[in-house]
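Novice: need a structure here:
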Amino acid sequence: PTTRGLAPSSSLVTHPAERHAKMKLGYALAVMALPAATQAFAPAPVTQRNYAGPSALSMAADDGGDKMMGPERIAKSAISTLTASVLLASSVIGGPVLPVQSASAASAAPVATKTAQPAKKAVPADPLAAEKKAVSEAKARTSEAQSKASDAKKAAADASKAASRDNDALAAAEKKAKSAKETLLQTNDKLAATKAKGNTADLKQVEQLGGKVGVAKDALKDAEAQLAAVKTKAAASNKALSAAQQKVSAADSALGTTGKSLKQAEDKLAQRTKQVQKETKIAAEKKKKADKKAAKEAKKQKKVAERKAKKAAKEAKKLAEKQRKIKAEQEAKAKAAAAKKAAQVKAEEQRLKELQAKKKAAEEAKTKSTQTAKATEAQIAKEAKKLNDMKK
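Specialist: Take a look at the predicted model:
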């Protein structure tokens, strides 16, 4: 089958699916008519007479003498009819007409499904992140300052104990040195007073007092050396205590600064929290109103879509019924044409068989007559020879 016989109107419909449907219908109709048409080419007995009667491919048609009665003619008629119906349906609907599937075919067609992966829910940014970070950092600095202040106070307490111990030792050394000095002065005064008397009897006492003065001088020297050492140590302890107290003061000052910064950060976080809560409440109210409006609009759109879908389904059903009727009419016409063609072919074959039978009978009669003549001639020759022999 070929589409060379398409009607001019078919050029107006350019949808590929429609052209494909028309070609498939033409093929189907041509195949339905093919078995009957091929019977005309069945082999017949060889005869000496050329039969020039009508054949399946040269028979006059019922549509004004068109000689083309094969599958191409049937496909052409079917496609032209389908084209006209599609153009009519397209003008009614206002768009290209696609082949309509039946309900059973639509339900039997497999539906490709793909499991949708759930999208990862985005975590909203914390509007208080900066304030919380500032509070966290301020707490860390305050904790560090508290630790340093605690360490400084402990070191100052240890330095205070050491300085107190060394100061007590210094006081004891000063007292001892003072006592040694007083002892030396007293002994020296006694020695001077005894010498001033000038008594020879007191010489022994003067010698004893002189020895005591020497011992007192040595004791004072030792006491003054010990006092100097203790004084140096006490000075160092007092200096270390002063430095430790300065560190305590600095640590307390730093702790006060960090505590103030922490309070400011916490106050800012509390203020910002109230602001965010207020903004969140306003946003929630706006979202509630927007969602309500969107739901109302979606409901409206859904109703509109349902009306359009019902209308489209009704039109599609109407068009499908129309196409079904057109197809049924086309199939009925094609079947009728094929039946008519088959009847004509069968009649022609019957007529041909009758003529071939007549020819065969005539040939058999001719053969039989020839054999009788030959036998008679042979008998005549035999009798003539016999007569000649008798004449001799």
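Novice: Secondary structure element for Arg351, which one?
Specialist: Using DSSP states H and E, Arg351 falls within helix 203-391.
Novice: pLDDT below threshold where in the stretch 51-200 of the chain?
Specialist: 51-121, 200 (pLDDT under 70).
Novice: Do you have the helices of it handy? List them.
Specialist: For the stretch 51-200 of the chain, the helices defined by DSSP state H, counting those that start in this stretch occupy 71-93, 103-108, 129-197.
Novice: Of those helices, which stretch is the most buried?
Specialist: Using mean count of other CB atoms under 10 Å, the stretch among those with the largest mean neighbour count is helix 71-93, at a mean of 19. Just so you know, the C-beta spots here come from the backbone N, C-alpha and C atoms, and that holds for glycine as well.
Novice: ok so, going back, helix 129-197 and the helix holding Arg351, what's the angle between them?
Specialist: 160 degrees (axes from the mean of the first three to the mean of the last three CA atoms, to 10 degrees).
Novice: list the helices and strands helix 203-391 packs on?
Specialist: Using 3 or more CB pairs under 8 Å, 6 or more residues apart in numbering; DSSP states H and E as the contact test, the elements touching helix 203-391 are helix 16-38, helix 71-93, helix 129-197.
Novice: Need the helices of the stretch 51-200 of the chain in TSV (columns: distance to Ala381).
Specialist: Listed next are the helices of the stretch 51-200 of the chain as TSV, based on distance: least, CB to CB, whole Å:
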stretch	distance to Ala381
helix 71-93	64
helix 103-108	86
helix 129-197	140
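Novice: Of all those, which one comes closest to Ile326?
Specialist: helix 71-93 (4.4 Å; CB to CB).
Novice: Could you check stretch 242-258 and say which residues are buried?
Specialist: 244-245, 247-248, 251, 254-255, 258 (16 or more other CB atoms under 10 Å).
Novice: no wait, stretch 264-278
Specialist: For stretch 264-278, using 16+ other CB under 10 Å, the buried residues are 265, 269, 272.
Novice: do stretch 207-221 as well
Specialist: 209, 212-213, 216-217, 219-220.
Novice: for those, which one is nearest Arg141?
Specialist: Leu220 (57.9 Å).
Novice: Just give the closest residue to the closest one, not the sequence neighbours.
Specialist: Distances taken as CB to CB, 6 or more residues apart in numbering put Ala180 closest to Leu220, at 4.1 Å, once the chain neighbours are dropped.
Novice: thought Lys233 was touching Arg165?
Specialist: No: Lys233 lies out of contact with Arg165 (CB atoms under 8 Å); the separation is 9.5 Å.
Novice: what residue ranges in the stretch 201-350 of the chain score low on pLDDT?
Specialist: If you take pLDDT under 70 as the line, the stretch 201-350 of the chain has these spans: 201-202.
Novice: Repeat the analysis, applying 80 as the threshold.
Specialist: By pLDDT under 80, the weakly predicted segments of the stretch 201-350 of the chain are 201-204, 206.
Novice: so what's Thr14 scoring on pLDDT?
Specialist: If you check Thr14, the pLDDT there is 46.
Novice: Over to Lys359?
Specialist: 86.
Novice: burial measure for it, as a count.
Specialist: 15 (other CB atoms under 10 Å).
Novice: Can you give me the distance of it to Val345?
Specialist: The gap separating Lys359 from Val345 is 21 Å, by CB to CB, to the nearest Å.
Novice: what does Val276 give?
Specialist: On the measure of CB to CB, Val276 and Val345 end up 94 Å apart.
Novice: Please apply the same query to Lys382.
Specialist: 55 Å.
Novice: the more surrounded of these two?
Specialist: Of the pair Lys382 and Val345, Val345 is the one with more neighbours under other CB under 10 Å, namely 20 against 10.
Novice: Name all residues that make contact with the residue lying closest to Gln264 once chain neighbours are set aside.
Specialist: Once flanking residues are discounted, Gln264 sits nearest to Ala138: 7.9 Å by CB to CB, 6+ apart. Neighbouring residues of Ala138 by CB atoms under 8 Å, 6 or more residues apart in numbering: 258, 261-262, 264-266.
Novice: What is the nearest of those to Ser369?
Specialist: Ala265 (140.1 Å).
Novice: got a list of what that closest one touches?
Specialist: So Ala265 contacts 131, 134-135, 137-138 (CB under 8 Å, 6+ apart).
Novice: got the residues you listed as a markdown table, with distance to Lys195 columns?
Specialist: Output for the contacts of Ala265, formatted as a markdown table (distance: CB to CB, whole Å):
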| residue | distance to Lys195 |
| --- | --- |
| Glu131 | 93 |
| Ala134 | 88 |
| Val135 | 88 |
| Glu137 | 85 |
| Ala138 | 83 |
